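Trainee: Below are the sequence and a predicted model for it; my questions follow.
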Amino acid sequence: MRRVSIQSVLKRNDVSAATASAPKDEARLLRRIAAGERRAFEELYRIYHPRLTRFLSNLLRKPEMVEEVLNDTLMAVWRRPDSYTGASKLSTWVFAIAYRKALRARSRFDEPIEDKGAETRVSDEASPEQQLGRRQVQEALLSAMSQLSADHRTVVDLTYFHEFGYKEIAEIMACPVDTVKTRMFHARRNLKTALPGGLTDWL
């Protein structure tokens, strides 16, 4: 089946991937997408592109796979908005699609996935000293996370970088909440071993 580019759906080829303000009613945004409104899809693209890029980069750590899975995820939202039942937050549903597609993409590759190091972002509102401190913490955490298994890395990423709760993570990963808690317990234990000095307090 011919792969459809995300740009074939978007009106403009220069749609920015910069973080946009989340809409007050994402369910209404999805209903507009279901009605075939491309401008609504552009809004959703701007909101989720940077978040999914960060998440998938940490999970897959192979740029070409990240772009493929991100494209497939957003195309799934465009094609099947009616599959969202409203039982969870829209973000949980979108991330669950991305996670499932990432697992399938990983299964197609037998060779080890190279660590690339995810891009870090800090708020422009912070002072230079605060920005440096936050960047150092993020870089140290990302470096330590590279030593975790994919499941443990995913739980940590969704918790600390995307602020999902255990229940939401369980929905995304299609596993019991207790499994998420167990994975987080082991992930934290391994991170505390890998992180230097006082940075373990961040966990």
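Mentor: That came in fine, so what should we check first?
Trainee: Mind checking what helix or strand follows the longest helix along the chain in sequence?
Mentor: Longest helix in the chain, counting residues (DSSP state H): helix 38-60. Downstream of helix 38-60, the next assigned helix or strand under DSSP states H and E is helix 63-79.
Trainee: what helices or strands is that next one leaning on?
Mentor: Where contact means 3 or more Cβ pairs under 8 Å, 6 or more residues apart in numbering; DSSP states H and E, helix 63-79 is packed against helix 26-34, helix 38-60, helix 90-107. Every C-beta, even on glycine, is put in place using the N, C-alpha and C of the backbone.
Trainee: domain ranges for the protein?
Mentor: Following the assignment in automatic domain parsing, the chain carries domains at 11-112, 127-196.
Trainee: Need those domains in CSV (columns: mean pLDDT and mean neighbour count).
Mentor: Formatted as CSV, the domains of the chain follow (pLDDT from 0 to 100; neighbours: other Cβ atoms under 10 Å):
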stretch, mean pLDDT, mean neighbour count
domain 11-112, 84, 17
domain 127-196, 85, 17
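Trainee: Check the secondary structure at Gly86 for me.
Mentor: coil (DSSP: H, G, I helix; E, B strand; the rest coil).
Trainee: And the nearest residue to it once chain neighbours are set aside, how close does it get to Arg188?
Mentor: Excluding the flanking residues, the one nearest Gly86 by Cβ to Cβ, 6 or more residues apart in numbering is Ala27, at 6.3 Å. Ala27 sits 34 Å away from Arg188, taking Cβ to Cβ, to the nearest Å as the criterion.
Trainee: Also Leu148?
Mentor: According to Cβ to Cβ, Leu148 stands 10 Å off from Arg188.
Trainee: How about Thr92?
Mentor: Distance from Thr92 to Arg188, counting by Cβ to Cβ: 22 Å.
Trainee: before we move on, what about Leu141?
Mentor: Using Cβ to Cβ, one gets 11 Å for the distance from Leu141 to Arg188.
Trainee: which residues do those two both contact?
Mentor: Contact criterion Cβ atoms under 8 Å, 6 or more residues apart in numbering; no residue bridges Leu141 and Arg188 by contacting each.
Trainee: Common neighbours of Leu148 and Arg188, please.
Mentor: Residues touching both Leu148 and Arg188 by Cβ under 8 Å, 6+ apart: Val156.
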